[in-house]
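Visitor: Sharing a sequence plus its predicted fold:
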Amino acid sequence: MKTLRTICRTALPLLLSLPFAAQAQTPAATGEQADPSIAFSADRLEYDQASEIVTALGEVRMNREGYFLRADTVSWNRTSGEVRASGGVRVISPEGDVAYGDNVVLEDNLRDGVVENLLLVLADGGRLAATTARRENGYTMLERAAYTPCAVVDADGCPRDPTWQINAVRVVHDPIRHRISYQGASLNLFGMPILALPGLSHPDGSQGGGSGLLVPEARYNRRNGLELSAPYYVRIAPNRDLTITPHVYSEVLPMLEGEYRQLNSLGAFQLRGYLTYGSRLPLNAPAGTPADDGVRAYVEGNGRFQLDPAWSVSFSGRYVTDRTFMRRYDISRDDRLRSFVEAERIGQTSYISIAGWAFQGLRVTDVDGQQPIALPAIDARWRFADPLLGGRIELQANSLALFRPEGQDSQRAFASATWERRGITPLGQELVLTGYARGDVYHANDTLLTLPVRYRGTEGWSGRFIGAFAVDLRWPFIGPFLGGTQRLTPRLQFVASPPTENLDIPNEDARAVDLEDSNLFALNRFPGYDRWEDGVRMTYGADWAADFPGVAIRTNIGQSYRLSTRAAILPPGTGLSGRFSDIVGRTTLRIGRRVSLVHRFRLDKDNLAVRRNEIDATIGGRQTYAMIGYLRLNRDIDASIEDLRDREELRIGGRIRFARYWSIFGSAVIDLTDRQEDPLSIADGFDPVRHRIGILYDDDCIELGVTWRRDYETSGDARRGNTFLIRVALRNLGR
């Protein structure tokens, strides 16, 4: 705990060593040269030759290496060596900690001694009081001590009991073991002792922490029953540690969790794993299916190493033994695990990445043998500083090899060059000219194992050339508007690309194509490299921005028109299949710091039907707020396109502060999808996915909360049910 560490390492030794300053300053009274690093002042200085006592009286001030002492009297017995500071002793450290004491008595070695009625006020607000504080042979002992980080006065300056505090009969700091131990310790909450802490001890922090038991946790859910976990921290070395956490359940067998972390001269990495033995069911198992018992585990790790100023290596790996383990034990709700290793070189005008990727699918529709392994995935780019015809040139080389144990394999390589010139016309228009050229080589085998025909490509080798030229013109108009300013920017873009071969090329990374405001003016509206949008098209739209005192509005709208009559390869439902595209736009509204609204839409080009309606709003401040998210995708997507599914969803969340320290909070996710959005859906149009509600007490030094969460989805042995969480967070006390 930071507070006691500060006391035992800084504040108390400071009080017990301040008389060194008095000793150093005494020769000043006899004309000898004083230590220039010590400042000293007092109303008067007395010397009793009979008793050999030097006394500084009245407003004694001492300043040494950033420490300040104030006392009414400081005396030094030259015969016994005893030094005493008394009368409102106060010490301020360079960090802002303030220590108070009635009397400080130091023995003749000027290192051991006693402080009476010690009060330490730390810069972070923490306070510790003790009736006496002693230091002997380097050991520090506090008698009848109490610590709290809570305020001890109210807003009017009147005394108040702290929300919580730790009381102990004795606190001992061992400078050899670098540990602080407690005798007779207890935790008091709202003035009542609620928990005895026998044998409580922790590292003093001088060695960067040490081994010990961390704060236990408790939770309850229907699937696993009552869960208790008690993490144990092992400090292996200053740069390595291990945390072992046993999880004990009332309804299932225990689970063991471990986390290892290491830091070295090149970087850092961490590994984490969970292991248990239990029963499991497949995701789509019918009722009455017997469970399969076996080992269940999940492992993950990540790290990054900087080999030199340009080259770095990073990795991340995740693997689980079965698809429901992480949901069952509340580890994660991810439905796909991604692992990779990547080496990167970043220069001033160049970039290269060499990577390998692997995936593990956890959804019902995922087939293990058809999950791709990408090795290698290489991407390199070079940017030339010298312009050509007034424009900058960027070269790119890319290579990707995908393998599937039970599916299609494919490899590709391409090289491209991009020329871009930006300028301002005499009329104030921003004009961007872009030229693009690329050559591709592909190879595919076992293409019949890919069920959607449009994704297969041609068995064996294939190649193509891609070229494009684009002109993008923006013309901003700025002026006053209703007491503020506005900016209207019409935008017009022409893109021309010769006919490009697409269907002979396997499609691995350009499947989830969808028209949005973010890709309306893109050179290629497909998300990846395997598909290219050819032909001649014109895209038009406008951006409008308005700024008023405390209010900001941003909105845009646009559409594209294909001038060429060649049939598009973009499938129906994407908004790009016809000569006219759908109309897309986005609006953002901000009112001070209290209101934030984002609305995205897509309108059908033929009948202006709403194909996409998405709203994200946040209203309120830090203490009381509401968040609302709504999404409806009704794009009439072709059922054969597995990567795009229409849906409707509502997300709500918020918090209400109803008293000074009390608040209630909650959130919910509701699936509103029915056959109107997705013809293949079996939902009834109102299916709760997950919701939670809780109550929280939160003051300046404690958080107490209770949360009830209910999950409505059932996946194998990860059943729907309730989960109760209890949160206790004490300021300056915990992990």
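Guide: That came through, no problem.

Visitor: hey, where'd the strands end up in the stretch 351-500 of the chain?
Guide: 373-383, 392-403, 409-424, 430-445, 460-474, 477-481, 484-497 (DSSP state E, counting those that start in this stretch).

Visitor: Now the fourth one: buried residues?
Guide: Just to be clear, that refers to strand 430-445. Of the residues in strand 430-445, 433-436, 438, 440, 442-444 count as buried by neighbour count, 16 or more other C-beta atoms under 10 Å. All C-beta spots, glycine's among them, are computed from the backbone N, C-alpha and C.

Visitor: With the second one instead?
Guide: Buried positions in strand 392-403, judged by neighbour count with 16+ other C-beta under 10 Å: 393, 396, 398-402.

Visitor: Run the chain-centre distance for it.
Guide: Strand 392-403 has its C-alpha centroid displaced from the chain centroid by 31 Å (C-alpha atoms, centre = their mean, to the nearest Å).

Visitor: and the next element down the chain from the helix or strand of the chain with the lowest mean pLDDT?
Guide: Within the chain, no helix or strand scores below helix 19-29, which has a mean of 37 by mean pLDDT, DSSP states H and E. Using DSSP states H and E, the helix or strand that follows helix 19-29 in sequence is strand 38-41.

Visitor: quick one on the thing from earlier: show me the two of the buried residues of strand 392-403 that sit farthest apart.
Guide: Greatest spacing in the buried residues of strand 392-403, by C-beta to C-beta: 393 and 402 (30.0 Å).

Visitor: For the chain, which segments count as helices?
Guide: 2-6, 12-17, 19-29, 325-328, 453-456 (DSSP state H).

Visitor: Show me where the stretch 151-300 of the chain dips below the pLDDT cut-off.
Guide: By pLDDT under 70, the weakly predicted segments of the stretch 151-300 of the chain are 154-155, 157, 202-210, 283-289.

Visitor: now do 90
Guide: 151-168, 170-224, 228-238, 278-293 (pLDDT under 90).

Visitor: Now do the strands in it.
Guide: 164-174, 179-183, 186-189, 192-196, 201-203, 212-213, 217-221, 225-229, 232-237, 240-249, 255-263, 267-280, 292-306.

Visitor: Next, format those strands as JSON lines and append distance to residue 74 and mean neighbour count.
Guide: Formatted as JSON lines, the strands of the stretch 151-300 of the chain follow (distance: least, C-beta to C-beta, whole Å; neighbours: other C-beta atoms under 10 Å):
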{"stretch": "strand 164-174", "distance to residue 74": "25", "mean neighbour count": "20"}
{"stretch": "strand 179-183", "distance to residue 74": "29", "mean neighbour count": "19"}
{"stretch": "strand 186-189", "distance to residue 74": "36", "mean neighbour count": "17"}
{"stretch": "strand 192-196", "distance to residue 74": "40", "mean neighbour count": "10"}
{"stretch": "strand 201-203", "distance to residue 74": "34", "mean neighbour count": "19"}
{"stretch": "strand 212-213", "distance to residue 74": "40", "mean neighbour count": "14"}
{"stretch": "strand 217-221", "distance to residue 74": "50", "mean neighbour count": "17"}
{"stretch": "strand 225-229", "distance to residue 74": "53", "mean neighbour count": "16"}
{"stretch": "strand 232-237", "distance to residue 74": "41", "mean neighbour count": "14"}
{"stretch": "strand 240-249", "distance to residue 74": "45", "mean neighbour count": "17"}
{"stretch": "strand 255-263", "distance to residue 74": "46", "mean neighbour count": "17"}
{"stretch": "strand 267-280", "distance to residue 74": "49", "mean neighbour count": "16"}
{"stretch": "strand 292-306", "distance to residue 74": "54", "mean neighbour count": "16"}
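
Visitor: can you redo those strands as JSON lines with distance to residue 314?
Guide: Shown next, in JSON lines, are those (distance: least, C-beta to C-beta, whole Å):
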{"stretch": "strand 164-174", "distance to residue 314": "41"}
{"stretch": "strand 179-183", "distance to residue 314": "37"}
{"stretch": "strand 186-189", "distance to residue 314": "43"}
{"stretch": "strand 192-196", "distance to residue 314": "43"}
{"stretch": "strand 201-203", "distance to residue 314": "32"}
{"stretch": "strand 212-213", "distance to residue 314": "32"}
{"stretch": "strand 217-221", "distance to residue 314": "31"}
{"stretch": "strand 225-229", "distance to residue 314": "30"}
{"stretch": "strand 232-237", "distance to residue 314": "23"}
{"stretch": "strand 240-249", "distance to residue 314": "20"}
{"stretch": "strand 255-263", "distance to residue 314": "15"}
{"stretch": "strand 267-280", "distance to residue 314": "8"}
{"stretch": "strand 292-306", "distance to residue 314": "4"}
